[in-house]
Each structure stands twice: as structure tokens, then as C-alpha cells.
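3D model of this:
(one chain, ligands or ions: 2)
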Amino acid sequence: MLPTLETLEEALGGLEGRRILLRADFNVPLDDNGQITDDFRIRAALPTIRWLTGRSASVVACSHLGRPKGQADHRYSMTAVRERLTQLAEGVELLENLRFDPGEVANDAHFVGRLVEGCDGYVNDAFGASHRAHASVVGPPALLPSAAGRLLAKEVEVLSALRQQPKRPFVAVLGGAKVSDKLGVIEALVEIADEVLIGGGMCFTFLAAQGHSVGESLLQADQIDACAKLLDAGAPIRLPSDIVALTPSETVIQAGLNLEPDWRGLDIGPGTAAEFGDLISQARTVLWNGPMGLFEDARFAAGTKVVAQALSKSRAYTVVGGGDSAAAAREFGLVADMDHVSTGGGASLELLQHGDLVGIQALRESTHTGAGQHG
Ligand code: ADP
Ligand code: MG
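Ligands and ions are numbered 1, 2, ... in the order given. Purely as a prediction, here's the structure:
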């Protein structure tokens, strides 16, 4: 069982005046001027923060931001996040970027010691970081009474249910750039889902495995064998039947599956989009991860939009995972129509694939439940 905020409150004999270390995922997108372009990850932690401050706990939040290489780097300072956090929840302390210290990624015991110093309890609400065995994720539960925050608990509940008891038909729609990023989750999903629809850049490695010529499209030649193996095994995978491609003279062409050598496939075709949309509308559970094309370019956004709209209209239980797919859904204004939009890209894929994450395991195994041990 994942310990809840309530069990933490009980373990500490109340939270008033208690200092709680909160690992959040405030890894927000920033523009070139260091301004936050989307604060959804900060807002996603508010239910947990407000629950804690509502019980008069003093909250010390911490997060990583970007990929500073274990040293202070002003481009990744938490200043903008701190300002936004203060606007949304007063009186919450926020530590500097965890990854300014090499001890975070190295899961160094001294760094863990410094993080927990003076704290009475620990809450992990950083779903998007919980697949990483980093100091702030796996260290504190061994030392402090610990709990999962509301966001983490919800993510685990939704994604575990997809694995364990999906309403059928269960349709998974997968896209994105690299097949190597998602082959593991595809292998897991073909065992669980009734249909796995594949678009995005990664469909071309599958199409190449079927002997189609993919031109200049994204192709991971070293993954062709793995894709062929899945297809040969009769996995319930559906590939596109048409493609939108770009020629060297910048002409956009609706093509079949065999592209000229200098064409680049950048979206699923309208026939495929309609077919995927139909399957989504007939489903009772839909998981969508990864855009169907280069949706950042309006010429190649149609496939992703049709899929996102089909999810939004579907009576199915709809789950969106993946940073770019969630961004696409937000851009199309369709987030409110989805049942769950995961805040974690890599973490949601790993949880779907393995059913567990190191950060969740650390909370479950936290042995510090007795009040009076600390503080
Ligand atoms: P997510 O973050 O949702 O998991 P990914 O990170 O795997 O998705 O992939 C998203 C990226 O894949 C987007 O930037 C999108 O433009 C790109 N992409 C999708 N289809 C193609 C394609 N056919 N060719 C090139 N890039 C593509
Ligand atoms: Mg991505």
C-alpha cells in the first residue's frame, strides 16, 4: 500500500508546525528569457500543498529544473518557479534546483542527509521524477515518515488500473519520434490492449519492417528487427495506410505507404486518421501517448488533431501520457475533455511497462511510521 497524506498525519501525531519536505516536479517549460510558458506542473502540486498548509505544516518544496550538469547554472535557477509558486500558494519555501548538486543524480547519502535535515516528514508528489533513483526521490523515505502526495497517488491509481482492469475494448494510440523510446511500452501494451495504433515518426520503422520504402522519414534501422518480430508474432498492431509527406521542393503530398527516396513522412494521412478516430470512438478505454506527426508545424498537425478530438468526444475513459501529447491536447484546447492527463512522460511509460517505479517502491518500503521518532 502506498502511504497517504492521512497516514503521514497520523504517524506524526498531527502536522501543526511540522516541517515537511515536499519533492515536487516543477520541471516546467521555459522560454529563452527564462519565463514559464506553461505552469501546469506547478498547479498540479497545489492540492497536496494546500492540504499540508491547511493543517499548518510548514512546507519546504524541492524540484529539479532542466538538466544542469551538477553545478549552479543561472539558466536553470528556480527564481521564476518560486515567483509563480508564491502567487499560487503563499508561505511555501522552495529550495534551489536539486540538480545543481551532483549528489541528486548520484543519490549521494550526504546530499540526502542535507535535504532531510530539520524535516519531520517527507511527501513525494513528483510523479514525473519517480522513475529515477535520485537522492530526493528514493533517499528521504528511508529516513523520515513518508507519503505519496495527491498527484502521485492519482497517477499511480489511473495508470495501474489501465494495466489491471481496463474496460474493453482498450485502444492504445502511440506516436512520437523514436521507436526506441517506446518499444518497451509497446511490447507491454500489445499484451494488455485490444488494439495498438501506431503513428508518428516511429511508424516508419514498423513500415520499413514490412518492406515499405520510407524515403527520408525518421527511421531507426537498428530497431527494424524488433519491430518485425512484434509484427510476425501477430501482435494487435495497426499501422497507417496513408502518409502526409514533404518533398524537397516543400510540396506537401498525401501519399500511400511507399515514399519516394527524397520524401519525408511527417504525419499520418487523412484515411489513417479517420480509421484511428473510428477505433477510438468504439473503445471504452483509450491511452494516447505521442503525437501522430510533426504537429508543431500546422501542415502536419491534422493527424494529431483528429486523434485528440476523437479522444475528447469518446465515451471511453481517456488517458493522455507524454509531455508532447499533453502539450498538443492543451494547444487544441481539449484537455478538459480528457479523463486524465498525466504529468509524467517517461514515468508514465515506465509505470505502464513495469507496473512500478523506484520512487513508489521507496514510499511503500518506508519503515518510518511511528510518531516521536523525529522532531
Ligand atoms: P511524447 O512527449 O508525447 O511522449 P515524443 O517525445 O515521443 O512524444 O515525441 C514527440 C515529437 O515527435 C514531437 O516533437 C513531434 O514533432 C515528433 N514527431 C511526431 N511524428 C513525427 C514525424 N513523422 N517525423 C518527425 N517527427 C515527428
Ligand atoms: Mg516528448
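
List phi and psi for the residue of the stretch 1-150 of the chain found nearest ligand 2.
Nearest residue of the stretch 1-150 of the chain to ligand 2, counting by Cβ to the ion: Pro29, 11.1 Å away. Yep, even glycine has a C-beta here, placed from its N, CA and C like the rest. Dihedral angles of Pro29 (phi, psi; degrees, to the nearest 10) stand at phi -70, psi 140.

Neighbours of the closest residue to it other than its chain neighbours, how many?
The shortest distance from Pro29 to any non-neighbouring residue, by Cβ to Cβ, 6 or more residues apart in numbering, is to Thr37 (4.7 Å). Residues lying near Thr37 (other Cβ atoms under 10 Å) number 9.

what does the one 10 residues further on give?
With neighbours defined by other Cβ under 10 Å, the count for Pro47 comes to 15.

For it, list the residues it contacts.
149-151 (Cβ atoms under 8 Å, 6 or more residues apart in numbering).

Of these, grab the buried ones for PyMOL.
Remark: buried members of these, expressed as a PyMOL selection using 16 or more other Cβ atoms under 10 Å:
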select buried, resi 149+150+151
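
now the contacts of Pro47 in JSON lines, with secondary structure?
JSON lines is the format used below for those (DSSP: H, G, I helix; E, B strand; the rest coil):
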{"residue": "Gly149", "secondary structure": "coil"}
{"residue": "Arg150", "secondary structure": "helix"}
{"residue": "Leu151", "secondary structure": "helix"}
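
end-to-end on stretch 199-206?
10 Å (Cα to Cα, to the nearest Å).

Can you pull the phi and psi angles for Tyr224?
Residue 224: Ile, not Tyr. Note on Ile224: its backbone torsions stand at phi -60, psi -40 [degrees, to the nearest 10].

Could you do Val138 as well?
With angles defined as degrees, to the nearest 10, Val138 sits at phi -100, psi -10.

list the contacts for it?
Val138 neighbours (Cβ under 8 Å, 6+ apart): 107, 358-359, 362.

just checking, which of these belong to helices?
In helices, judged by DSSP state H, the following of the contacts of Val138 are found: 358-359, 362.

so can I have JSON lines of the residues you listed showing neighbour count, distance to Glu96 and pLDDT?
Below are the ones in helices among the contacts of Val138 laid out as JSON lines (neighbours: other Cβ atoms under 10 Å; distance: Cβ to Cβ, whole Å; pLDDT from 0 to 100):
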{"residue": "Val358", "neighbour count": "16", "distance to Glu96": "24", "pLDDT": "98"}
{"residue": "Gly359", "neighbour count": "25", "distance to Glu96": "21", "pLDDT": "98"}
{"residue": "Ala362", "neighbour count": "20", "distance to Glu96": "23", "pLDDT": "98"}
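
what sits up against the helix or strand of the chain with the lowest mean pLDDT?
When each helix and strand of the chain is scored by mean pLDDT, DSSP states H and E, helix 323-331 comes last, with a mean of 92. Identification of contacts with helix 323-331 by Cβ under 8 Å, 6+ apart yields 38, 40, 175-176, 288-291, 295, 301, 304-305, 308, 311, 320, 335, 338, 341-343, 345.

does ligand 1 sit close to it?
Yes - counting by Cβ under 6 Å from any ligand atom, contacts between helix 323-331 and ligand 1 involve 323-325.

ok, and the most crowded of those?
Neighbour count (other Cβ under 10 Å) singles out Ser325 as the most crowded of the residues of helix 323-331 next to ligand 1, with 28 neighbours.

The contacts of Val138: which two are farthest apart?
Farthest-apart pair in those is Asn107 and Gly359; separation 11.5 Å (Cβ to Cβ).

For Val81, which non-adjacent residue is spatially closest?
Phe26 (4.8 Å).

So the one you found is in contact with Arg43, correct?
No - with contact defined as Cβ atoms under 8 Å, Phe26 and Arg43 do not form a contacting pair (10.5 Å).

Which one's more surrounded, the two?
Set Phe26 next to Arg43 and count neighbours by other Cβ under 10 Å: Phe26 wins out with 25 against 14.

show me the contacts for that one.
Phe26 makes contacts with 41-42, 45, 61, 63, 65, 78, 81, 85, 94, as judged by Cβ under 8 Å, 6+ apart.
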